[in-house]
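Visitor: structure for this input, please:
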Amino acid sequence: MNFLRRLAFNFSYFRKPTWDSGITPPELFEFIQTHPAARAIDLGCGTGTNVITLAKTGWQVTGIDFAPLAIQNAKRKIKNAGVEANLFVDDTTQLKNIKTQFELALDIGCFHGVQNKADYLTQLDRILTPSGFWLLYGFFKTEPRPSAPGFVPADFELIASRNLTLLSRKDSFDKKNRPAVWMLWGKQTGKQVDK
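Guide: Model prediction:
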């Protein structure tokens, strides 16, 4: 992501960004209810809403975001919530601060905006345990600009070329009526669930 776009994202946290609803989605609650608490990382955690939800349900949580102001706000929210979590300013294509592995990688709206998706997926492979899960949400590209966020068919081909199996997929629309999707990917699971 270029410098100006990073700067704009960071400054958006001086007010409430449109993507920071403060509400944990039901898809994450469904995952929590069907999987034992373990270690989780929230990739692009913003102000920590889902970090708090995971921590309150017994997960050991790490959150990363490239926006320092988002991490600062997340630290304040986590302290006020009375939970513990590790938070870092980091880039999802590098994850320099992440030295451990996780049973869950949560990504709500980060991957679809990353320019170097191959490096992101390399880091994801490094940080997921051999039986880990990647819970992913994003919308589809609707703007013709190359730098505009959103999934394109090549993204799914790239993911499928990695050591990941699609376990579930739920298509929907976001608040701006853009086509969107929730997907659960498993690392080395060897089985696929219908859409």
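Visitor: buried residues in the strand ranked longest in the chain?
Guide: Longest strand in the chain by number of residues, with DSSP state E as the criterion: strand 128-139. Within strand 128-139, the residues that count as buried by 16 or more other C-beta atoms under 10 Å are 128, 129, 132, 133, 134, 135, 136, 137, 138, 139. For the C-beta atoms, the positions are set from N, CA and C on the backbone; glycine is no exception.
Visitor: quick one: mean pLDDT over that strand.
Guide: Taken as a whole, strand 128-139 carries a mean pLDDT of 96.
Visitor: what's in contact with it?
Guide: With C-beta atoms under 8 Å, 6 or more residues apart in numbering as the contact definition, strand 128-139 has outside contacts at 25, 27-28, 31, 35, 101-113, 124, 149-151, 164, 167, 174, 176, 178-189.
Visitor: quick one: buried ones out of the residues you listed?
Guide: When burial is judged by neighbour count using 16+ other C-beta under 10 Å, the buried members of the contacts of strand 128-139 are 25, 27-28, 31, 102-113, 124, 149-151, 164, 167, 180-187, 189.
Visitor: just the ones in helices from those residues, please.
Guide: Residues from the buried ones among the contacts of strand 128-139 lying in helices, with DSSP state H as the criterion: 27, 28, 31, 124.
Visitor: quick one: the most centrally placed residue in the chain from residue 86, how far?
Guide: When the chain is reduced to its mean C-alpha position, the closest residue under C-alpha atoms, centre = their mean turns out to be residue 107, at 1.3 Å. The span separating residue 107 from residue 86 equals 17 Å under the rule C-beta to C-beta, to the nearest Å.
Visitor: list the buried residues for the lengthiest helix in the chain?
Guide: Within the chain, and with DSSP H defining each element, the longest helix by residue count is helix 68-81. Buried residues in helix 68-81, counting neighbours by 16+ other C-beta under 10 Å, are found at 69, 70, 71, 73, 74, 77, 78, 81.
Visitor: pick out whichever of those residues sits closest to residue 16.
Guide: residue 73 (9.8 Å; C-beta to C-beta).
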